[in-house]
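**Q** what follows is a predicted structure for the sequence shown.
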Amino acid sequence: MANNLEALETWAAVLLARLEPGERSKLARSIGQELRRSQQKRVVAQENPDGTKFAPRKKRDLRGKQGRIRRKLAMFQKLRTVKYLKARGDSNGITVGFTGRIAKIARVHQYGLKDRAERGAPDVRYDQREVLGFTDADLDLIRDGLLDHIKNG
């Protein structure tokens with residue numbers, strides 16, 4: 001995957017050098033938004049960039065008070081919203097990432113780090129779930145977006 005990204009970067013650098021900074025910014029913003037949408041769809045599907053499913057949550061007691069059973073929610077429901085998953089593009093590059101407190105939660109899951117679920121709880125090592133990452137379709141999206149912009153530009 002890294003080789004494909006490097007090949008795309010060297011190929012695109014020549015084309016991007018010909019564009020004015022304003023055009024590059026406009027292109028970067030549109031590709032960034034498409035990449036964000038792609039990442040959101042992948043998180044909704046609970047998949048890593050390589051196509052494997054996220055490691056499932058650990059089993060827990062879902063009984064609330066007085067015998068009610070809480071619904072099981074999919075992981076990262078709020079994390080994937082536009083409020084937290086931001087895309088930014090300017091004439092120098094594209095950034096898709098998380099903001100605020102949510103960035104720490106995403107980092108813990110992205111790399112499988114240790115963290116506390118809540119204050120006073122013991123440290124727990126979380127399973128690795130790659131919330132952000134490039135798929136082959138994402139690389140195609142970047143390439144096609146660049147070609148469309150140059151063709152129609």
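**A** Received it, and whenever you're ready, just let me know what you need. Note that the coordinates shown come from a computational prediction; the quantities given were computed from them, not determined experimentally.

**Q** can you list contacts of the lowest-mean-pLDDT helix or strand in the chain?
**A** Between all helices and strands in the chain, the lowest mean by mean pLDDT, DSSP states H and E belongs to helix 2-17, at a mean of 81. With contacts defined as Cβ atoms under 8 Å, 6 or more residues apart in numbering, helix 2-17 is touched by 24, 27, 134, 136, 139, 142-143, 146, 150. Quick note: C-beta positions are derived from backbone N, CA and C, even for glycine.

**Q** now those residues: which count as buried?
**A** Buried members of the contacts of helix 2-17, scored by 16 or more other Cβ atoms under 10 Å, are 24, 27, 134, 142, 146.

**Q** now, the most widely separated pair of these?
**A** The span of these, defined through Cβ to Cβ, is set by R24 and F134 at 20.1 Å.

**Q** helices of this structure, start to end?
**A** The residue ranges that make up the helices of the chain, judged by DSSP state H, are 2-17, 21-44, 101-111, 136-152.

**Q** ok, for the one residue sitting closest to the centre of the chain, nearest residue in space, not its chain neighbours?
**A** With distances taken as Cα atoms, centre = their mean, L132 lies nearest the centre of the chain, 3.2 Å away. In space, L132 comes closest to Q39 once its chain neighbours are excluded; the distance is 6.0 Å by Cβ to Cβ, 6 or more residues apart in numbering.

**Q** so that neighbour touches F98, yeah?
**A** No: counting by Cβ atoms under 8 Å, Q39 stays clear of F98, with 10.3 Å between them.

**Q** need the contact list for the residue nearest to the centre of the chain.
**A** Residues counted as contacts of L132 (Cβ under 8 Å, 6+ apart) are 39, 96-98, 106, 110.

**Q** now do R143
**A** Applying Cβ under 8 Å, 6+ apart to R143 gives the contacts 8, 11-12.
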